[in-house]
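In: fold the stuff below for me.
(chains A and B, ligands or ions: 2)
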Amino acid sequence: MNLTAIQAIYVFEMKRTFRTLLQSVVAPVMSTSLYFVVFGAAIGSRIDQVEGVSYGAFIVPGLIMLTVLTQSVTNAAFGIYFPKFIGTIYELLSAPASFAEITAGYVLAAATKSFAIGLIILVTAFFFVDLEIRHPVWMMAFLMLTCLSFSLLGFIIGIWARNFEQLQLVPLLVLQPLIFLGGAFYSVSMLPDAWQAVTYLNPVVYLVSGFRWSFYGLADVPVLISLLAIVGFSGLCIATIGWIFKTGWRIRD
Amino acid sequence: MSSIVSVQTLNKTYDGGFRALKDVSLDIRDGEVLALLGPNGAGKTTLISIICGITTATSGKVSVGGHDTIGEYRAARALIGLVPQEINLEPFETVMNTVMFSRGLFGKGRDDAYIERVLRQLSLWDKRDAQTKELSGGMKRRVLIAKALAHEPRVLFLDEPTAGVDVELRREMWETMRDLKSHGVTIILTTHYIEEAELMADRIGIMAGGEIRLVREKAELMAELGRKQLVIELSTNVEKVPEALSGYDLSVGRDGSEIVYHYDSRRDRTGITKLLNDLQAAGLQMRDVRTEQSSLEDIFVDLTQGDAR
Ligand SMILES: Nc1ncnc2c1ncn2[C@@H]1O[C@H](COP(=O)(O)OP(=O)(O)OP(=O)(O)O)[C@@H](O)[C@H]1O
Ligand SMILES: [Mg+2]
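Out: Residues are numbered from 1 along each chain as shown, chains lettered A, B, ... in the order given. Ligands and ions are numbered 1, 2, ... in the order given. Now for the predicted structure:
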């Protein structure tokens, strides 16, 4: 295995992140703070507790997920789209590195960044609401897995995208609705039955549910199912990436 | 000399249906400098891209250092350094960062002393902390060369390395190439400058229309080019070269109205004076005399004529 290659890509990508550290962190922290002010404080004060948790606290896991999902997808997508766009991908394609190694380098770097942002938002949340974290280890595990699996998805999107519009379209058009309808701001049990059924087709529901369980012990779906959903989703992404590199789809003539 | 790169009946048809390579076979010898000449669209870049793993071949086989470029891609690619035709660089990265990245990507551990040597040799050391977007075009091209050399390749592909490079810098690049060659690096160079090929190459290959039209030792080719012809137009036609002149390399041309003398223009004595005297002595009446010489350009044009650009 060419570990040196993974390391080279990872270090290179992390340097890029650190060069733009302020933008990378400030924007998500600010938008999350706004969510807390609007949903948590303003609207939340009119809403009773949700299943025994104050509304402000209830939305914290969902908000973190919201940011972490978009960050993972956009970071990873941009990470591989950029070399494609400026042509430096020739070097990746001609390197003695396997698809798994190249993917690992980019995805780990993107996941590291979004994981860090997730933690920063968690810390920010403590300033706005009283939080408890019942299962901190599971919380970390869910966060990490989510970062990884959605960075994998982002990597695929980055390879698929032919221009910057497409690169931004997917997070906006697909991810936003999935996240907003994924139970970030409500409990799935609040929805009418018919809608509940539809909701379970949304993969984000399982993430948010599992993540929220690690905070408050509340879950819309059993935790094990949540875990399986993330792992299954990652597996699907990895298989897709394997196919992409094997066929050279959208990267190799 | 054994071959380090072996290309066997390579074909490439692009998605649009365009056939860019047609049964290309080529053996590149260990340690040589091979110059690939050919008009725009000949397929030079396509050939290089397939050897390096950037483009997939439609059919055919390539091996580098005895390793199949698909089955044993790791071993094969580790030997190769590529300087692409297009200048592709991350604009915001420093020279040092991109070069170190290249080394790592090719699986080599950090070696600051080696990287320093490469950067110094390419006159980039002073620019090591500059972002690549701040560099001039010629400097960017040298950064690409530094990246290609970062992992100490045994085979170096240079796709038009001196395009858009000023005269002095071009000299420096040639110097670098000679130095690499003296260290045993095999170099494949594409260029549109025939003089560059003449100056640098051990062998010259000419591509056109997706085919390799010729691969020859440069020395051989130049010897042929050094040959000149003296054409003597006669007043009265002859059937064959007169017996008395059998000592010369002569032939009869144009239905006997011309006698053609082949000689090496680079020799001190070309024998022209003596031949003319002997012709007169043999009783042949001369109407006119002219010389002809083919150049590498002539050969090039000859071989590549009629190919669509
Ligand atoms: N990605 C591609 N898709 C379709 N056709 C292509 C592609 N790349 C190259 N071609 C075609 O293949 C042919 C060979 O191109 P190639 O770049 O190999 O030529 P070249 O010899 O390097 O030319 P130049 O001297 O201009 O660099 C050209 O006709 C070109 O239009
Ligand atoms: Mg070319």
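
In: now do the helix ranked longest in chain A: which elements does it pack against?
Out: Counting residues, the longest helix in chain A under DSSP state H turns out to be helix A:99-128. Identification of packing neighbours for helix A:99-128 by 3 or more C-beta pairs under 8 Å, 6 or more residues apart in numbering or on different chains; DSSP states H and E yields helix A:3-19, helix A:21-35, helix A:60-86, helix A:136-160, helix A:223-247. Using the backbone N, CA and C atoms, a C-beta is placed for each residue, glycine as well.

In: quick check: phi and psi on residue 20?
Out: No chain in the question, so chain A it is. phi -120, psi 30 (degrees, to the nearest 10).

In: wait, chain B was what I had in mind.
Out: phi -90, psi -30.

In: for the stretch 151-300 of chain B, just list every one of the strands.
Out: Along the stretch 151-300 of chain B, the stretches classed as strands by DSSP state E, counting those that start in this stretch are B:155-159, B:186-190, B:203-208, B:211-217, B:227-234, B:250-253, B:258-264, B:286-293.

In: in TSV: those, plus mean neighbour count and distance to chain A.
Out: TSV is the format used below for the strands of the stretch 151-300 of chain B (neighbours: other C-beta atoms under 10 Å in any protein chain shown; distance: least, C-beta to the nearest C-beta, whole Å):
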stretch	mean neighbour count	distance to chain A
strand B:155-159	24	9
strand B:186-190	24	14
strand B:203-208	23	18
strand B:211-217	17	19
strand B:227-234	17	42
strand B:250-253	16	49
strand B:258-264	18	45
strand B:286-293	12	42
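
In: out of the ones you listed, the one nearest B:A57 is which?
Out: strand B:211-217 (15.0 Å; C-beta to C-beta).

In: residues contacting the residue in chain A positioned nearest to chain B?
Out: For chain A and chain B, the shortest gap (C-beta to the nearest C-beta) falls at A:A8, measuring 2.6 Å. A:A8 makes contact with A:105, B:100-101, B:103-105 under the criterion C-beta atoms under 8 Å, 6 or more residues apart in numbering or on different chains.

In: who in chain B is up against ligand 1?
Out: Counting by C-beta under 6 Å from any ligand atom, the positions of chain B adjacent to ligand 1 are B:14, B:16, B:18, B:20, B:38, B:40-46, B:85.

In: tell me which of those is nearest to A:V123?
Out: A:V123 lies nearest to B:Q85 out of those, by C-beta to C-beta, at 49.3 Å.

In: could I get the pLDDT score of that closest one?
Out: Note for B:Q85: predicted pLDDT of 94.

In: run a quick neighbour tally on the closest residue to B:S295 other than its chain neighbours.
Out: Distance criterion C-beta to C-beta, 6 or more residues apart in numbering or on different chains; nearest residue to B:S295, sequence neighbours excluded, is B:L225 at 6.1 Å. By the measure other C-beta atoms under 10 Å in any protein chain shown, the count of residues near B:L225 is 18.

In: and the closest residue to ligand 2 within the stretch 101-250 of chain A, how close does it get to ligand 1?
Out: In the stretch 101-250 of chain A, the residue that lies nearest ligand 2 is A:G248 (19.9 Å; C-beta to the ion). Distance of A:G248 to ligand 1, computed by C-beta to the nearest ligand atom, to the nearest Å: 12 Å.

In: ok, the closest residue to that residue other than its chain neighbours - contacts?
Out: Distances taken as C-beta to C-beta, 6+ apart put B:T56 closest to A:G248, at 5.7 Å, once the chain neighbours are dropped. Residues in contact with B:T56 (C-beta under 8 Å, 6+ apart) are A:248, A:252-253, B:50.

In: same thing with B:T45?
Out: B:T45 touches B:85, B:159, B:190, counting by C-beta under 8 Å, 6+ apart.

In: please tell me how far it sits from B:G137.
Out: To B:G137, B:T45 is 19 Å away according to C-beta to C-beta, to the nearest Å.

In: what do you get for A:T103?
Out: Applying C-beta to C-beta, the value for A:T103 to B:G137 is 33 Å.

In: which one's more surrounded, the two?
Out: Shown here are A:T103 and B:G137; by other C-beta under 10 Å, A:T103 has more neighbours (26 against 12).

In: give me the pLDDT value at the more buried one.
Out: pLDDT at A:T103 comes out at 95.

In: touching, it and A:A239? I think so.
Out: No: taking contacts as C-beta atoms under 8 Å, A:T103 lies outside contact range of A:A239: 11.7 Å.

In: once you drop chain neighbours, what's closest to the residue nearest the centre of chain A?
Out: Nearest to the mean C-alpha position of chain A, counting by C-alpha atoms, centre = their mean, stands A:L69 at 2.2 Å. In space, and not counting its chain neighbours, A:L69 is closest to A:F150: 5.2 Å by C-beta to C-beta, 6+ apart.

In: could you report the pLDDT at the one you found?
Out: 95.

In: which residues touch it?
Out: By C-beta under 8 Å, 6+ apart, the contact set of A:F150 is A:68-69, A:72-73, A:76, A:114.

In: just A:G183 next, same as before
Out: A:62, A:199, A:204-205, A:208-209, A:220.

In: how near is it to ligand 1?
Out: Distance, A:G183 to ligand 1, by C-beta to the nearest ligand atom: 45 Å.

In: just A:S149 next, same as before
Out: Counting by C-beta to the nearest ligand atom, the gap from A:S149 to ligand 1 is 33 Å.

In: then B:G71?
Out: For B:G71 relative to ligand 1 (C-beta to the nearest ligand atom), the value is 24 Å.

In: quick check: that residue is in a strand.
Out: No: the assignment for B:G71, made by DSSP: H, G, I helix; E, B strand; the rest coil, is coil rather than a strand.

In: check what pLDDT A:E13 gets.
Out: 95.

In: now do A:N2
Out: Value listed for A:N2 in the pLDDT field: 88.

In: quick check: it touching B:G109?
Out: No: using C-beta under 8 Å, A:N2 makes no contact with B:G109, being 11.7 Å away.

In: pick out whichever of these two has more residues nearby.
Out: Taking neighbours as other C-beta under 10 Å, A:N2 and B:G109 compare with A:N2 leading, 21 against 8.

In: for that one, phi and psi?
Out: The phi/psi pair for A:N2 (degrees, to the nearest 10) is phi -90, psi 70.

In: now do the same contact list for it.
Out: A:96-98, A:101, B:74, B:107.

In: ok, so of those, who is nearest ligand 2?
Out: Distances from ligand 2 to the contacts of A:N2, taken by C-beta to the ion, are shortest for A:P96, at 23.7 Å.

In: spatially central residue for chain B, please.
Out: Most central in chain B (C-alpha atoms, centre = their mean) works out to B:A35, at 1.4 Å.

In: the closest residue to ligand 2 within the stretch 51-200 of chain A: which element?
Out: Taking C-beta to the ion, ligand 2 has its nearest neighbour within the stretch 51-200 of chain A at A:Y90, 12.8 Å off. Here A:Y90, judged by DSSP states H and E, is contained in helix A:89-94.
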